[in-house]
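S.K.: my questions concern the predicted model and sequence given below.
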Amino acid sequence: MKKKFLALFLTTVMVLTLAGCNGKQNDSKSEETTVRNEALQNAIDAAQTVLDKEETPFDEETTAKLEAAISAAVDASGADDCSALIQTITEAQTAYEDSILSLKQITAPTDDFVMERLKQVDTIIDMAPVTEERDPNGKLNKQGGYIGCIYFRDEQVDWEEEYIEGDVLDAGCHGGGAVEIFGNVEDAQERDEYLGMLDGLFADSHYVYGTLVIRTSSELSAAKQQELTDKIVQAFTYVEH
């Protein structure tokens with residue numbers, strides 16, 4: 001009888017001990033899940049705060065991607081593992097914020113900024129800003145005109161073969177291209193529309209990015225014009241951290 005009682009007692013103790021251990025494990029797991037979900041909610045809140053400012057990014061797709069990341073995280077609230085969701089939101093938020101900075105960089109930048117970034121384009125070998133004394137188009141600081149303009153020489157244009165003489169300003173857009181800086185988007189678009197009316201006479205390329213009109217020489221093939229434009233845009237919109 002004593003042996004049966006002892007066996008029953010030991011069995012009861014073991015059951016209670018195991019139950020206590022499982023309870024502690026469950027509590028620990030619950031706490032960890034709570035912490036992870038709080039971290040996820042913090043990431044969601046931070047990203048939503050950035051979106052609520054309604055700033056315009058250079059690449060609109062970054063807005064959609066951040067909104068999608070937030071939506072996916074909200075739908076998955078309560079999940080055991082939130083690390084992948086947090087990483088996706090963080091990366092999408094960084095891309096969105098960088099894109100906002102990119103647009104600011106090409107919105108009425110200084111001559112110095114434009115020239116510094118043009119130096120990063122491997123085929124551009126010389127450049128010069130216009131002044132009121134030397135301005136091929138005579139539009140500097142005029143109403144509706146540009147507030148700055150940088151002409152540049154591109155090594156892909158053979159000046160000797162094209163009989164181009166003088167310096168970068170003498171050559172104008174013909175020698176490589178130009179970046180015209182406007183105070184607002186409307187003036188940049190009007191300038192681009194005007195250049196578009198001359199497309200039948202000249203084969204220069206011209207595109208609006210931010211408040212810039214980026215032009216490349218008619219002496220370049222269409223493919224090289226596009227490639228050069230892309231390199232310039234990439235240099236201008238790159239965000240340094």
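M.R.: Nice, I can see it.

S.K.: secondary structure element holding the most centrally placed residue in the chain?
M.R.: Closest to where the C-alpha atoms of the chain average out (Cα atoms, centre = their mean) is residue 99, at 2.8 Å. In the assignment (DSSP states H and E), residue 99 maps to helix 83-105.

S.K.: just the C-alpha atoms of the helix or strand that comes right after that helix, please, in PDB.
M.R.: Under the assignment DSSP H and E, the closest C-terminal helix or strand after helix 83-105 is helix 111-118. This file holds the C-alpha atoms of helix 111-118, laid out as PDB (Å, rounded to 0.1, in the frame of the first residue of the first chain):
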ATOM      1  CA  ASP A 111      25.500  75.100 -60.800                       C
ATOM      2  CA  ASP A 112      28.100  73.600 -58.500                       C
ATOM      3  CA  PHE A 113      25.900  70.600 -57.700                       C
ATOM      4  CA  VAL A 114      25.300  70.000 -61.400                       C
ATOM      5  CA  MET A 115      28.900  70.300 -62.400                       C
ATOM      6  CA  GLU A 116      30.100  68.100 -59.500                       C
ATOM      7  CA  ARG A 117      27.700  65.300 -60.600                       C
ATOM      8  CA  LEU A 118      28.500  65.700 -64.300                       C
END
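
S.K.: for this protein, which segments count as helices?
M.R.: Assigned by DSSP state H, the helices in the chain fall at 2-52, 61-75, 83-105, 111-118, 168-171, 185-197, 222-237.

S.K.: which of those helices sits closest to residue 131?
M.R.: When these are compared by Cβ to Cβ, helix 168-171 sits nearest residue 131, at 9.0 Å. C-beta: built from backbone N, CA, C; applies to glycine.

S.K.: alpha carbons only: can I get that closest one in PDB?
M.R.: Output in PDB follows, covering the C-alpha atoms of helix 168-171 (Å, rounded to 0.1, in the frame of the first residue of the first chain):
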ATOM      1  CA  VAL A 168      32.700  74.500 -74.400                       C
ATOM      2  CA  LEU A 169      30.400  77.500 -74.500                       C
ATOM      3  CA  ASP A 170      31.300  78.300 -78.100                       C
ATOM      4  CA  ALA A 171      30.400  74.700 -79.100                       C
END
